Each structure stands twice: as C-alpha cells, then as structure tokens.
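K.L.:
Give me a model of this one.
(one chain, ligands or ions: 1)
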Amino acid sequence: MTQNIPRTQSWIGELPGKLRMIDQTRLPEEFVEIDCESVQQVWDAIKRLSVRGAPAIGVSAAYGTVIGVQTETNLSRAGFNQKLNEVTDYLASSRPTAVNLFWALERMKNVAAAIPDASPADVVERLLSEARTIEHEDREMCAAIGRHGESLMPADGGVLTHCNAGGLATAGDGTALSVLFAASATGKKIHVYADETRPLLQGARLTSWECLQRNVPVTVICDSMAALVMREKKVKAVVTGADRIAANGDAANKIGTYSVAVLARAHGIPFYVAAPSSTFDLSLASGNLIPIEERAREEISHSFGKQTVPDGVAVWNPAFDVTPAELISGIITERGVIAPVNTETVAAMIDAAASAQASHST
Ligand code: MRU
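P.N.:
Residues are numbered from 1 along each chain as shown. Okay, here's the model as predicted:
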C-alpha cells in the first residue's frame, strides 16, 4: 500500500552516511528532499519543521546522533563519549514538547554506555544500527496502531483529524492517519475532515496531501469550522496524534486539539488519541507538567508570505495544548486501546521502564 509513497526520511549510504528527508515546509507546492550531513543541519531541519511530528523527530534525532559522531572515530573513548553527550544535548535543544525526541536520544546514549570498552568506530556502527532499529520499530508501531484502531472507526462517515499524524510524521503510515488508512483498507467509507491547523497548516498542507496519495476522500476545513461540521453530523469520530502523554493520560498535541476535544464532547462524538508507547512520559503525573513549545511571532504575524498582524501588536504562539484525559474516549497504542483513560489504565498498558528512558533527559 505504501510502496509508491516516498519515505519521510532515510539513511543514505553506510558510514559515513547522511540523512535524506522530505522538506515538509515546501509541501504541497513542491516535493523536495534535502540531505543533512551535519548535526547542525539535522537540528535546523527539526527546528524549522522540515521534519516534524513526534515519532519522525525521534527518528531524525537518532540518525542525527550518528551524523554528529561518525567522523570522530580517532578520538579516545573518553573524548568520544564527551562528543556524543554534546551532540545529544544539542539535538535535545531543538524542540521541547515531543517526548519521542528525548526517548530516542536516551536510547542512543544507552547503546554507547552498554559497551564501554568498545572502540569509537564500533560504537558508531552500533549507533547506526540502533537508529535503524528505532525507525523500523516505529514503522511496526504505526501498523499495529492501525490494526488496533480501525474497528473504532465508523463503517461509513466523516472522521475529523487535527494537524498531521500521518506517514510524514512517522517512519510508517502514521498514528491517527494509520487508523484511518487501515479502516479505509478494510472497506469502510471514511471521509477525512482535516482541520487546516493554524498557524503552519499541517492539516491543510500535509494531511490532505497524504490522503490524496492514498485515495482517501478528504475535505479541508478552517479550524473554526469544526463545531459546525460536528453539529451537522458530518463527523462520527475524531482521531488525533500526540506529542507527549502524561501518566494520567493527559495528552499534548498540536495547538487546537484541546478545542476539538471539547467540541467533540459537546456533540457526543468520540475523541481518540493515537500514539505509540514512545510518546508516553510516565515521569509526569499530569499534562500540566508537559513543556509547551512557544514559537516565533512571525509564524502568526507574517502568515502566507505577507504581514497579517500590525507591527507593535502582541502575538502569543504556543505550538501545543494539552487535552485532559477525561475528554479522551480512548488512546490507541501499538499494544491495544487504553479506555477509559486514567493513571491506572495507562500504567497497565505502558511499561514504566520504557517511558523512564525519556524522563531522564527532559
Ligand atoms: O509541530 P508539529 O507539526 O511537529 O506537531 C505535530 C503534531 O502535533 C502531531 O499531531 C504529533 O506530533 C503526532 S505525529 C504522529
């Protein structure tokens, strides 16, 4: 099903190699791939959202770690370890909210720490292998999320999604979109309603582009239209992704997700979050503790290539909000569906040890 769709990112060559990725800032106008050959280029690509979406950021950071140390094989092992720490700290500073970034970097550091006597060249090989494993596992997790979620989707009807939680945001078919693609593949007549997702339009630019590639019917709406679309019964369910899910099930996702969840509750429509276990952060008791990225004012004051806010006017640009667990009908993970959503049910599905990897570096 995915064979004609280019990979969001791929490692090119062996060692030394480089990371090729779709520049998502250029879609849908043009399809352009960029090559990252330095850790600064990977950091910039994450920061400016050339690669975005929590799982894809994690995969990029893992390969970025390899790029940052692959030519440092002449260092002593102590010097190499120091360089590795510098590289992972630097990549960790790119974006604060998606925990997959810290989760992936921690995995990379743990690989090196587990072989203290290995030469730098051997460690670099192990790091590349780990990055490939993270990418492969993410692909598998997306597929499993699709399998677990498709039965929750209506046999015939609209499903609203916010932002882009598709293949572009992961190494596989996506999280929320994997559910929708899997439901469509079983013959369900799903019509996707994609919130445009201001200010950077991931829904309008990316989700609709992916649906088009998959021949899944899609309608883009302005974010402010979600209430009307729900009221007119065009939507039977909502599915979104997540950037970080706290121990009690509160879920951070793209700004505007919280309003969609409130609207879904008001209209009696189920609201699902689809996310792999790598997006859980059980070190945080509730969503109030999730760090929320604030981005540059220009993303709002100069939208669509022109000035949209007068100079001197204040602008606030938080990139994410937190949907409280009580508004979430279920969290679709690669292990199964968490429902109802609370601290006990999250703990029963998600392995605390796995999510603890992320907490150490945030
Ligand atoms: O700022 P972005 O585009 O990285 O935000 C992405 C989202 O909010 C996604 O919904 C989330 O990362 C899940 S991606 C499977």
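
K.L.:
For residue 36, see how far away whichever residue of the stretch 151-300 of the chain sits closest to the ligand is.
P.N.:
For the stretch 151-300 of the chain, the residue closest to the ligand is residue 241, as judged by CB to the nearest ligand atom, at 2.7 Å. For every residue, glycine as well, the C-beta is placed using N, CA and C. Distance from residue 241 to residue 36, counting by CB to CB, to the nearest Å: 24 Å.

K.L.:
Within range of the ligand, give me the residues from the protein.
P.N.:
Listed as neighbours of the ligand in the chain under the rule CB under 6 Å from any ligand atom: 49, 52-55, 98, 163, 165, 169-170, 174-175, 202, 240-243, 253-254, 319.

K.L.:
Let's see the ChimeraX selection covering just the buried ones among the residues you listed.
P.N.:
Buried subset of these, written as a ChimeraX selection, criterion 16 or more other CB atoms under 10 Å:
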select :49,52,53,54,55,98,163,165,169,170,174,175,202,240,241,242,243,253,254,319
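
K.L.:
now, which of the residues of the chain next to the ligand lie within helices?
P.N.:
Using DSSP state H, the subset of those located in helices is 54-55, 202.

K.L.:
where in the protein is pLDDT low?
P.N.:
Along the chain, segments meeting pLDDT under 70 span 1-4, 352-362.

K.L.:
same thing but 80
P.N.:
For the chain, the stretches flagged by pLDDT under 80 are 1-5, 352-362.

K.L.:
Can you spell out the domain ranges of it, please?
P.N.:
Domain ranges of the chain: 9-143, 146-361, per automatic domain parsing.

K.L.:
so how far is the first residue of stretch 107-120 from its last?
P.N.:
Stretch 107-120 has an end-to-end distance of 17 Å (CA to CA, to the nearest Å).

K.L.:
what's the answer for stretch 297-311, then?
P.N.:
Per CA to CA, the first residue of stretch 297-311 is 11 Å away from its last.

K.L.:
Equivalent analysis for stretch 146-164, please.
P.N.:
Criterion CA to CA; first-to-last residue distance in stretch 146-164 is 15 Å.

K.L.:
Please enumerate the strands of the stretch 1-150 of the chain.
P.N.:
Under the criterion DSSP state E, counting those that start in this stretch, the stretch 1-150 of the chain contains strands at 9-12, 18-22, 33-36.

K.L.:
For the ones you listed, give me a markdown table that also has distance to residue 281 and mean neighbour count.
P.N.:
Shown next, in a markdown table, are the strands of the stretch 1-150 of the chain (distance: least, CB to CB, whole Å; neighbours: other CB atoms under 10 Å):
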| stretch | distance to residue 281 | mean neighbour count |
| --- | --- | --- |
| strand 9-12 | 23 | 19 |
| strand 18-22 | 25 | 22 |
| strand 33-36 | 26 | 17 |
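
K.L.:
could I get those strands as TSV with distance to residue 191?
P.N.:
Formatted as TSV, these follow (distance: least, CB to CB, whole Å):
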stretch	distance to residue 191
strand 9-12	30
strand 18-22	26
strand 33-36	31
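
K.L.:
which one of the ones you listed lies closest to residue 131?
P.N.:
Taking CB to CB, strand 9-12 is the member of those nearest to residue 131, at 7.1 Å.

K.L.:
Check which helices and strands the closest one sits against.
P.N.:
Helices and strands touching strand 9-12, by 3 or more CB pairs under 8 Å, 6 or more residues apart in numbering; DSSP states H and E, are strand 18-22, helix 54-69, helix 120-149.

K.L.:
Contacts for it next, please.
P.N.:
Residues outside strand 9-12 that contact it (CB atoms under 8 Å, 6 or more residues apart in numbering) are 17-22, 35, 51, 56, 59-60, 63, 66, 128, 131-132, 135, 171.

K.L.:
change it to 7 Å
P.N.:
17-21, 35, 51, 56, 59-60, 63, 132 (CB atoms under 7 Å, 6 or more residues apart in numbering).
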